[in-house]
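Visitor: turn this into a structure:
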Amino acid sequence: MKKVEIFTDGACKGNPGPGGWGAILRYKDVEKEISGGEADTTNNRMELTAVISALELLKEPCEVELYTDSQYVANAVNLGWAEKWKANGWMRNKKEKALNPELWEKLLNLLKKHSVKFNWVKGHAGHPENERCDRLAVAQAEKYS
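Guide: Residues are numbered from 1 along each chain as shown. A predicted model of the protein is given here:
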């Protein structure tokens with residue numbers, strides 16, 4: 001399998017509010033930047049959308065090192081929360097619905113196709129690719145402000 005690095009970030013002006021996401025895909029020495037946004041969304045939706053959008057660009061199953069500053073995304077995958085929410089009818093517990101089930105469904109399906117290792121990085125801490133993704137996400141959010 002091809003080895004790909006993906007870096008993602010989401011941003012929101014207000015939560016909910018105008019939001020954006022950005023991602024960098026790197027295969028060997030080739031990089032591709034992608035970004036997008038929505039007029040009325042949440043930060044977590046933008047974080048998830050960045051990951052989904054990047055993985056959807058991969059044309060064949062890949063081994064992916066993914067870097068995100070979203071503990072929501074990293075923990076939900078690494079600690080098995082998203083799978084548990086799905087198994088429980090998209091409920092976090094007996095009283096609380098899991099948020100963003102349609103996005104989690106898309107992501108879980110993509111994770112069946114690719115071998116993805118989620119790595120959490122501290123946001124706004126000088127990580128070069130995370131900073132670039134943040135700039136992409138903020139620029140998109142500002143388009144909707």
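
Visitor: secondary structure class for D9?
Guide: Of the three states, D9 takes strand under DSSP: H, G, I helix; E, B strand; the rest coil.

Visitor: contacts only, for the residue nearest to it when sequence neighbours are not counted.
Guide: Using CB to CB, 6 or more residues apart in numbering and skipping the chain neighbours, the partner closest in space to D9 is C133 (3.6 Å). (Each C-beta comes from the backbone N, C-alpha and C, glycine too.) Shown in contact with C133 (CB atoms under 8 Å, 6 or more residues apart in numbering): 7-9, 22-24, 50.

Visitor: same question for Y144.
Guide: 18-20, 37-39.

Visitor: what about the residue lying closest to it once chain neighbours are set aside, which helix or strand?
Guide: Spatially, and ignoring its direct neighbours in sequence, Y144 is nearest to P18 (3.5 Å; CB to CB, 6+ apart). Assigned by DSSP states H and E, P18 falls within strand 17-27.

Visitor: name the residues of the following helix or strand past that strand that are buried.
Guide: Downstream of strand 17-27, the next assigned helix or strand under DSSP H and E is strand 30-41. Neighbour counts over strand 30-41 (16 or more other CB atoms under 10 Å) mark 34-38, 41 as buried.

Visitor: next, the contact list for the closest residue to G10 other than its chain neighbours, please.
Guide: Spatially, and ignoring its direct neighbours in sequence, G10 is nearest to M46 (2.9 Å; CB to CB, 6+ apart). Residues in contact with M46 (CB under 8 Å, 6+ apart) are 10-12, 19-21, 37-38, 137, 141.

Visitor: of all those, which comes closest to A82?
Guide: Distance to A82, by CB to CB, is smallest for G10 among the contacts of M46, at 16.4 Å.

Visitor: how about the contacts made by that closest one?
Guide: The contact partners of G10, by CB under 8 Å, 6+ apart, come to 19-22, 43-50, 70, 137.

Visitor: and for E142?
Guide: E142 touches 13, 18, 20, counting by CB under 8 Å, 6+ apart.
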